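Enquirer: got a predicted model here, sequence first, then my questions.
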Amino acid sequence: MSFKTVMTEFKDFISKGNVVGLATAVVFGVAFNAVVTSFITNIITPIIGIPGHINVANLAVVVNGSTITYGEFINAIINFVVIAFVLFFFIIKPLSRIESKLKSESISTKQCRYCFSTINIKATRCPNCTSKLTASA
C-alpha cells in the first residue's frame, strides 16, 4: 500500500461529516465543561458555604493517615447536575420538540373512522368503504 493511497483514504475519512461533527462536539463539550466547572467552583460552592463560612471544595476527612477530599466530590456532583440540567433543558427538550413537530408535519395517512383502514390524509371519501369523510376523520 503506497503512501499516496493511505493519504487519500485518510482524507476521505476526515472529510466525512460525522467525523468532523464528532470532533466539533468533543471540543465544544470540553469547553462547556471548563465553563461549568469554573462556575461551580468559583460561584456556586462558595455561595453554598456562606452560611457556615465553609469552603466546600476544601472539605476533607483524614482516616488512618489518608485524606478523603469529599468536598471535591461534592463539587463534581454539583457540576454533573448543572451540566445535565443545561443539556436537558437547552438541547434535549428543544431537539425533541423539533423532532416531534417534523414527525407531525410528515404524516401522510389517516385512519377511516368507519372501516378503520389506512387512507391518504387528503382523502375526502374512503376508497375502501366509500364513506364520506370529514376533516377530522
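Expert: On my side now, so go ahead.
Enquirer: neighbours around residue 46, how many?
Expert: Counted with other CB atoms under 10 Å, residues neighbouring residue 46 total 14. For the C-beta atoms, the positions are set from N, CA and C on the backbone; glycine is no exception.
Enquirer: again with residue 112
Expert: Neighbour count for residue 112, taken as other CB under 10 Å: 19.
Enquirer: per-residue confidence for the spatially closest residue to it that is not a sequence neighbour?
Expert: Distances taken as CB to CB, 6 or more residues apart in numbering place residue 126 nearest to residue 112, at 4.2 Å, with adjacent residues excluded. For residue 126, the model assigns a pLDDT of 90.
Enquirer: what are the ranges of the helices in this structure?
Expert: Remark: helices assigned in the chain by DSSP state H are 3-15, 17-39, 45-49, 70-87, 93-105.
Enquirer: buried set for the fourth one?
Expert: Okay, so that is helix 70-87. Neighbour-count burial for helix 70-87, counted by 16 or more other CB atoms under 10 Å, picks out 71-72, 74-75, 78-79, 83.
Enquirer: distance from stretch 69-88 to the middle of the chain?
Expert: In terms of CA atoms, centre = their mean, to the nearest Å, the centre of stretch 69-88 is found 17 Å from the chain centre.
Enquirer: can I get the buried residues of helix 70-87 in JSON lines with pLDDT and distance to residue 111?
Expert: Below are the buried residues of helix 70-87 laid out as JSON lines (pLDDT from 0 to 100; distance: CB to CB, whole Å):
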{"residue": "71", "pLDDT": "87", "distance to residue 111": "59"}
{"residue": "72", "pLDDT": "86", "distance to residue 111": "57"}
{"residue": "74", "pLDDT": "86", "distance to residue 111": "54"}
{"residue": "75", "pLDDT": "83", "distance to residue 111": "54"}
{"residue": "78", "pLDDT": "85", "distance to residue 111": "49"}
{"residue": "79", "pLDDT": "83", "distance to residue 111": "49"}
{"residue": "83", "pLDDT": "84", "distance to residue 111": "43"}
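Enquirer: in CSV, list those residues along with distance to residue 49.
Expert: Shown next, in CSV, are the buried residues of helix 70-87 (distance: CB to CB, whole Å):
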residue, distance to residue 49
71, 9
72, 14
74, 10
75, 11
78, 12
79, 16
83, 21
